[in-house]
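# Coordinates only, no sequence provided:
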């Protein structure tokens, strides 16, 4: 379950950017990877308490997301969508290889704070406290996301842009600001997801983003790409199915990654708009 | 207030406008009439800044608003100067409620008492919108959407409202209602540039009118005079 919420957290970033720009930001997964290194260095080099390091990493990651948008995607706003898509793949490779050069390919052990270590027992069930906290933290973040999207001015602009990008500037809204904010917010959520991920599977390396990223992308499609709460539900479904597969058919556990892509294919075949995706006219 | 001088627009080799010049004075209702494809929408979109940066389009000439050149500044800055467009096809945000659509219009305003009283003012103009306050824009009828699009423009506290084909696709009684509202808004002090195919209705409420044909201004004059002009009658009113 906590796995599902992590997919969900990362998926929000995909889905928000897609909702506004119709761009699948392939670099998102690597932005998540960077966030774990930010947190790692915060803890190991600057000896910061883990939560301070996590918050700083979220801020830095948000800035990184905004920089990527302004540097790589903004010049292509009016270009055909495929150009931005290919650029996204390029940025993804750039971040991965920068990671290899700067951080080295050797995995590093990530710190799991004391409070996340104990194993709690509910009746017959043993749960790592980290998993419970992960769900709680995600829930809190989702409330924030909800408030921003449905209760603030910039959230209203985000929703308006997702349906009619040409008309929004006529209201005096600076599109680039809203888009930058979207990238920042999605990246910060990916950072939260990434750091919790690194605590769950406590080692980090420059290519670690690829699989969680791909699966979060599947989750976003499953839930209906462009829909933030669909992304969370998609992540949840994906995480739970994966764990159930491993639990009930341990002999197939080697196929757990394949399962995600099987789901993706099925969704694309039978309900391409996803669970909560609206069926658009045209 | 608004001066357009020698405006030409090319879309990928097609000349949509050739040297259009027009002037809108403070407090006027000014109309631009013309048939489909004459370049009416292009003119409005050039003024609100939507043409530049579009792939393959070339724009030349000069547009000034209150003595400030606005030919090259971004769309959202032009809107903030007080030039607000009610776009063709209304372009109400379908996934936002009526309330949120109005709030989008007043995006850059602080939510003070003036904001609230403007909302009330819009409801007094369009009681139907009040009934649909929390309904999504996408569920409204064509007439209601037009009212919402106009209300949204008013929320920006504009100095000049440009309306692109406000009567298009509306039932005749709703068209009358829309033109009544346009006059109300104007008498409350907002200058209006109206773009219409419905020449009769548009010219009869206008102080001044321009006739656009294949990208050029062919005729101009006070609205009443154009209504009596034989060539206008034959081409647009016959």
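Okay, I see it. Just so we're clear, the structure is a prediction, and the values are computed from it rather than from any experiment. Residues are numbered from 1 along each chain as shown, chains lettered A, B, ... in the order given.

# from here on, contacts and neighbour counts on C-alpha atoms
Noted.

# Spatially nearest residue to whichever residue of chain A sits closest to chain B, not counting backbone neighbours?
Among the residues of chain A, residue A:172 lies closest to chain B, at 4.0 Å counting by Cα to the nearest Cα. Spatial nearest neighbour of residue A:172, chain neighbours left out: residue B:76 (4.0 Å); criterion: Cα to Cα, 6 or more residues apart in numbering or on different chains.

# and what of residue A:168?
residue A:161 (6.2 Å).

# do the same with residue A:126
Of all residues not flanking residue A:126 in the chain, residue A:120 sits nearest, at 5.7 Å (Cα to Cα, 6+ apart).

# Partner strands of the host helix or strand of the one you found, with direction?
Using DSSP states H and E, residue A:120 sits within strand A:119-122. Taking DSSP bridges as the criterion, strand A:119-122 sits next to strand A:125-128 (antiparallel) in its sheet.

# can you tell me the average pLDDT over the partner strand?
For strand A:125-128, mean pLDDT rounds to 87.

# Would you mind pulling the contact partners of it?
Among residues not part of strand A:125-128, those counted as contacts by Cα atoms under 8 Å, 6 or more residues apart in numbering or on different chains are A:116, A:117, A:118, A:119, A:120, A:121.

# just how off-centre is the helix or strand following that strand within its chain?
Note on strand A:125-128: by DSSP H and E, the next helix or strand toward the C-terminus is helix A:129-151. Helix A:129-151 sits 13 Å away from the centroid of its parent chain (Cα atoms, centre = their mean, to the nearest Å).

# in the lowest-mean-pLDDT helix or strand in chain B, what's buried?
Among the helical and strand segments of chain B, the one scoring lowest on mean pLDDT, DSSP states H and E is helix B:230-232, with a mean of 88. Using 16 or more other Cα atoms under 10 Å in any protein chain shown as the test for burial, helix B:230-232 gives residue B:232.

# Now do the strands in chain B.
Using DSSP state E, the strands of chain B run over residues B:2-11, B:14-24, B:29-33, B:57-65, B:68-69, B:83-86, B:160-164, B:191-196, B:208-213, B:216-222.

# helices or strands up against the fourth one?
To tie it back to what came earlier, the one meant is strand B:57-65. Here strand B:57-65 touches strand B:2-11, going by 3 or more Cα pairs under 8 Å, 6 or more residues apart in numbering or on different chains; DSSP states H and E.

# burial measure for the residue of chain A closest to chain B, as a count.
Residue A:172: 25 surrounding residues under other Cα atoms under 10 Å in any protein chain shown.

# Now it. Its backbone dihedrals?
The phi and psi torsions at residue A:172 (degrees, to the nearest 10) take the values phi 80, psi 20.

# roughly how far apart are it and residue B:83?
10 Å (Cα to Cα, to the nearest Å).

# residue ranges with poor pLDDT in chain B?
Residues of chain B that meet the criterion pLDDT under 70 lie in B:55, B:238.

# who in it is up against chain A?
Proximity of chain B to chain A (Cα under 8 Å from any Cα of the partner chain) is limited to residues B:48, B:54-55, B:75-80, B:84-85, B:87, B:91, B:93-96, B:100, B:104-108, B:153, B:156.

# what ranges do the strands span in chain A?
Under DSSP E, chain A gives strands at A:108-109, A:119-122, A:125-128, A:203-204.
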